[in-house]
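Colleague: kindly generate the corresponding structure for this input.
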Amino acid sequence: QVQVVESGGGLVQAGGSLRLSCVASGRTFGSYAMGWFRQAPGKEREFVTAKTWSGSSTYYADSVKGRFTISRDNAKNTVYLQMNNLKPEDTAVYYCAATGRRNIDYAAWQEYSYWGQGTQVTVSS
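Modeller: Predicted coordinates:
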């Protein structure tokens with residue numbers, strides 16, 4: 001069982017930056033792929049980025065490429081989402097998720113077993 005807790009959300013002006021953190025419990029954190037998803041009001045949950053358990057592969061949604069960076073520190077059981085040049089359309093609740101599955105579609109939220117409670121990111125214009 002893995003528990004996931006996000007932090008770091010807040011209100012920022014367009015063009016600004018935020019860094020989200022996600023701490024996962026469990027001694028097997030290093031064996032889980034970690035992903036970030038987001039959901040804006042009235043919209044479906046959408047994929048943002050993911051990194052495999054080894055860190056060898058990283059995936060980004062086209063909408064965030066070049067602006068967002070995912071990283072992980074297995075020694076701290078933590079994954080980060082650095083968000084730069086934020087836009088109003090990035091406003092959403094951001095969720096961290098973990099999966100022990102491999103060779104999957106890492107952009108599919110259905111593949112993830114463990115989810116955090118979400119953290120709100122609001123970008124003002």
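Colleague: gap between stretch 61-76 and the chain center?
Modeller: Relative to the mean C-alpha coordinate of its chain, stretch 61-76 is positioned 7 Å out (CA atoms, centre = their mean, to the nearest Å).
Colleague: for it, list every residue counted as buried.
Modeller: 61, 64, 68, 69, 70, 72, 74 (16 or more other CB atoms under 10 Å). C-beta coordinates here come from the backbone N, C-alpha and C atoms, glycine included.
Colleague: what sits opposite residue 6 in the beta ladder?
Modeller: residue 22 (DSSP bridges).
Colleague: from memory it sits against residue 24, does it?
Modeller: No: taking contact to mean CB atoms under 8 Å, the distance of 10.1 Å between residue 6 and residue 24 leaves them out of contact.
Colleague: so how far is residue 109 from the residue nearest in space to the middle of the chain?
Modeller: What sits nearest the mean C-alpha location of the chain, by CA atoms, centre = their mean, is residue 36, with 2.1 Å. Residue 36 sits 11 Å away from residue 109 when distances are taken as CB to CB, to the nearest Å.
Colleague: repeat that for residue 6.
Modeller: The gap separating residue 6 from residue 109 is 15 Å, by CB to CB.
Colleague: check residue 119 too.
Modeller: Following CB to CB, the distance that separates residue 119 from residue 109 is 16 Å.
Colleague: those two - which one has more neighbours?
Modeller: residue 119 (22 against 18; other CB atoms under 10 Å).
Colleague: what bridges to the more buried one?
Modeller: In this structure, residue 119 has beta-bridge partners residue 94, where bridges are defined by DSSP bridges.
Colleague: nearest to residue 29, of the buried residues of stretch 61-76?
Modeller: Within the set of the buried residues of stretch 61-76, residue 74 lies nearest residue 29; the separation is 6.1 Å, counting by CB to CB.
Colleague: please name the residues that touch the closest one.
Modeller: 29, 30, 55 (CB atoms under 8 Å, 6 or more residues apart in numbering).
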